[in-house]
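[1] generate a structure from the sequence data that follows.
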Amino acid sequence: MTPDQIEALFTRENGDFLFARWGRPIVPIVFGVEDATLSTVKGAFEAVVALAGHKMAETDPELGANCMVFFFRDWQELLEVPDLDRLIPDLAPLMDRLVAADANQYRVFRFEEDGAIRAAFVFLRMDNELSKVSAETLALSQVVQTILLWSDTAFRSQSPLAVAGQTTVLRPDIAELIRAAYDPVLPGAAREASHALRLFARMKPVQ
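    Numbering: from 1, shown residues only. Predicted coordinates for the structure are as follows:
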């Protein structure tokens, strides 16, 4: 992966470069799934967090859980979740936009004062398309897209995952970039495109 390719993964559609990683241990909670899927999602979090060299915790002292994953059938169901409108301002207008766009997934991030990720909300509307995806693949894909603040265009043309034999795995170049992004020497957030060079310098060649 070249520095330009890394820069593109964090350059938003409006041209702004914005990089952020988690600044606190991740405490995930999953709604709307059976126990088997719950363990799959939590397993994906554990694997990706371990890859990053970051930490998970049982509880966040300020928020309780700071990474909420919702599985549901209809966007309107979210309006019935107690206190969700307090966590996500303008929830009703957002739901209207997502319904109009026929979206099946959406992620919302909250940030620390220094710009690092403080909390994330992952919404998955299980339409026909997402229902065809295995729980393992869907969980890994969502966790990867939540471990860093990627560009809104980062994975439009190519998934962060790849198929190895019969197994879906994280692309080696993306895995190496995640590992580099959590180097303790680097800041938790950056708005200068030159940060892509710092990430590149910490990446090991992918075999």
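[2] drop to CA atoms for contacts and neighbour counts, all remaining ones
    Will do.
[3] output the longest strand seen in the chain as CSV, nothing but the C-alphas.
    Longest strand in the chain, counting residues (DSSP state E): strand 117-125. What follows is strand 117-125 as a C-alpha-only set of coordinates in CSV (Å, rounded to 0.1, in the frame of the first residue of the first chain):
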residue,chain,number,x,y,z
ILE,A,117,-12.9,8.2,18.9
ARG,A,118,-15.0,8.2,22.1
ALA,A,119,-18.0,6.2,21.1
ALA,A,120,-19.6,4.5,18.0
PHE,A,121,-23.1,3.5,17.0
VAL,A,122,-23.4,0.8,14.3
PHE,A,123,-26.9,0.4,12.7
LEU,A,124,-27.6,-2.7,10.5
ARG,A,125,-30.9,-3.0,8.8
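[4] chain center to whichever helix or strand comes after it: distance?
    Next helix or strand after strand 117-125 toward the C-terminus (DSSP states H and E): helix 128-131. Centroid displacement of helix 128-131 relative to its chain, using Cα atoms, centre = their mean, to the nearest Å, is 19 Å.
[5] continuing past helix 128-131, what's the next helix or strand?
    Per DSSP H and E, helix 128-131 leads on to helix 135-147 as the next helix or strand towards the C-terminus.
[6] tilt between that following helix and strand 117-125?
    Calculated by axes from the mean of the first three to the mean of the last three Cα atoms, to 10 degrees, helix 135-147 forms an angle of 140 degrees with strand 117-125.
[7] heads up, I number from 35, so please use that
    Yep, numbering from 35; the last one is helix 169-181 now.
[8] could you say what helices and strands the helix or strand that helix 169-181 is followed by packs with?
    Counting by DSSP H and E, the element after helix 169-181 in chain order, helix or strand, is strand 195-198. On a contact count with 3 or more Cα pairs under 8 Å, 6 or more residues apart in numbering; DSSP states H and E, strand 195-198 meets strand 201-204.
[9] where in this structure is pLDDT low?
    Scanning the chain for pLDDT under 70 picks out 241.
[10] repeat the analysis, applying 80 as the threshold.
    199-200, 240-241 (pLDDT under 80).
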